[in-house]
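Chemist: Just the structure for this:
(one chain, ligands or ions: 1)
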Amino acid sequence: TQNALGKTSVTLLGLGAMGTALARTWLAAGHPVTVWNRTPARAAALAAEGARVADGAAAAVAANTLVVVCLLDDTSVDEVLAGTDLAGKDLVNLTTSTPAQARGRARWARERGARYLDGGIMAVPPMIGVPEAGGYVFYSGSRELFERHRETLGAPVGTTYVGEDAGFAALYDVALLSAMYGMFAGAAHAFALIRKEDIDPAALAPLLADWLVAMAPAVHRTAGQLRSGDYTEGVGSTLAMQVAGTPTFLSTAEQQGVSPELLSPYFALMRHRLSEGSGEEDLTGVIDLLVRRPG
Ligand code: FVH
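Modeler: Numbering: from 1, shown residues only. So this is what the prediction gives:
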């Protein structure tokens, strides 16, 4: 359903920080929006901005073909959609899920006659409706559904479609966030090293940020090596050389009174790979050690 300006009507279930930001942006972009939230008070401000407030999840779902859910977790999606009629609906689930939950939800939606698209949000609420902030949502599942609603879904924040497998959006989401936590862990160790010295953390911060940016393109070399299977391709610092340097990192941590607990597991994997005779390789072999083999 579209209004006179050709803007698709949206039903949104879940008015937490993220849902509220999404609803507000759709309203500002001229989309008719019907909302529902378990705690009704959270809908009041949006009602004043033009949202229609449904008196139940079932009524909200019935109001429009495009139904977006942005709830706490997969269990809350179950609870909220339990009594709704999803036949013929275009269900877009922006609730953070595991890949298995997303695939299960896609099957569940299909059994109820709905088309399904899963989303993994790579943004925080203040980035919604602010294109220059660079946020976006990974989408996976029905490509046809994504194409049909691409414009509407792209109104609040960018969109990146990653495939028909409904679990892929969640997988990409968690992969990127996992890398982010690795980066935060490295930065935490770096700040810990200078903590007891007469060094201003604000002086280290820009150096750290620039260094992480300079190192980030290494992921392209890693990807190339994974594709070719040749982990020596384009190698700059060999695994043997890097393992030889690890005692310096561990001794420095000890001298500075810093626990090596964030660095040590990675160093252990590097040593393990070296012990397999991979000294001339890059660090890419560590990935193979992480991937568990069946049995
Ligand atoms: N906020 C963020 O920074 C992150 C950014 C990346 C993506 N996440 C995910 O987005 C989903 C929603 O997050 P949110 O920020 O809106 O979360 P809350 O503000 O905590 O709101 C949660 C909403 O879920 C409703 N809810 C929770 N449990 C139930 C339930 N059993 N039945 C019905 N509704 C439920 C809650 O309702 P209420 O407490 O207001 O009644 C809120 O509407 C999430 O998956 C993030 O991981 C956000």
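Chemist: I'd like to know how many residues surround whichever residue of the stretch 151-295 of the chain sits closest to the ligand.
Modeler: Distances between the stretch 151-295 of the chain and the ligand by C-beta to the nearest ligand atom are smallest at D173, namely 8.2 Å. To be clear about C-beta, it is placed using only N, CA and C from the backbone, and glycine gets the same treatment. Close neighbours of D173, defined as other C-beta atoms under 10 Å, add up to 24.
Chemist: who's in contact with the most centrally placed residue in the chain?
Modeler: With distances taken as C-alpha atoms, centre = their mean, D173 lies nearest the centre of the chain, 2.7 Å away. Residues in contact with D173 (C-beta atoms under 8 Å, 6 or more residues apart in numbering) are T96, G120, I121, M122, F138.
Chemist: Can you check what pLDDT the model gives it?
Modeler: What the model reports as pLDDT for D173 is 97.
Chemist: ok, it to A87 distance?
Modeler: Using C-beta to C-beta, to the nearest Å, D173 is found at 29 Å from A87.
Chemist: do the same with L212
Modeler: 49 Å.
Chemist: my read is the residue of the stretch 151-295 of the chain closest to the ligand is in a helix, agree?
Modeler: Yes. Looking at D173 with DSSP: H, G, I helix; E, B strand; the rest coil, it is inside a helix.
Chemist: follow-up on the earlier one: quick check: the gap between the residue nearest to the centre of the chain and T95.
Modeler: 11 Å.
Chemist: so what's A169 up against?
Modeler: Contacts of A169 (C-beta under 8 Å, 6+ apart): A102, D118, G119, G120, V137, F138, Y139, S140, G141, V162.
Chemist: Return the subset of those residues lying in strands.
Modeler: Among the contacts of A169, DSSP state E puts D118, G119, G120, V137, F138, Y139, S140, G141 in strands.
Chemist: Could you work out the most separated pair of those residues?
Modeler: The most widely separated members of those, counting by C-beta to C-beta, are V137 and G141 (12.2 Å).
Chemist: higher neighbour count, these two?
Modeler: Remark: of V137 and G141, G141 carries more neighbours, 30 against 25, as counted by other C-beta under 10 Å.
Chemist: Hmm, A106 and the more buried one touching each other?
Modeler: Yes. Contact criterion C-beta atoms under 8 Å: G141 and A106 qualify, at 5.7 Å.
Chemist: ok, I128 touching T20?
Modeler: No. Applying C-beta under 8 Å as the test, I128 and T20 come out as separate, 9.1 Å apart.
Chemist: quick one: which of L212 and A87 has more around it?
Modeler: For L212 and A87, the more surrounded residue by other C-beta under 10 Å is L212, and the numbers stand at 13 against 8.
Chemist: Could I get the contacting residues of that one?
Modeler: Shown in contact with L212 (C-beta under 8 Å, 6+ apart): M183, G186, A187.
Chemist: Then Y266?
Modeler: Contact analysis of Y266 by C-beta under 8 Å, 6+ apart lists V286.
Chemist: Can I get the helix or strand encompassing it in CSV? Just the C-alpha atoms.
Modeler: If you go by DSSP states H and E, Y266 is part of helix 264-275. Backbone C-alpha positions of helix 264-275 (Å, rounded to 0.1, in the frame of the first residue of the first chain) are rendered in CSV as follows:
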residue,chain,number,x,y,z
SER,A,264,48.3,-14.4,24.6
PRO,A,265,45.5,-16.5,22.9
TYR,A,266,46.4,-15.1,19.5
PHE,A,267,50.2,-15.6,20.1
ALA,A,268,49.5,-19.2,21.1
LEU,A,269,47.7,-19.8,17.8
MET,A,270,50.6,-18.2,15.9
ARG,A,271,53.0,-20.5,17.7
HIS,A,272,50.8,-23.5,17.0
ARG,A,273,50.7,-22.7,13.2
LEU,A,274,54.5,-22.2,13.2
SER,A,275,54.9,-25.6,14.8
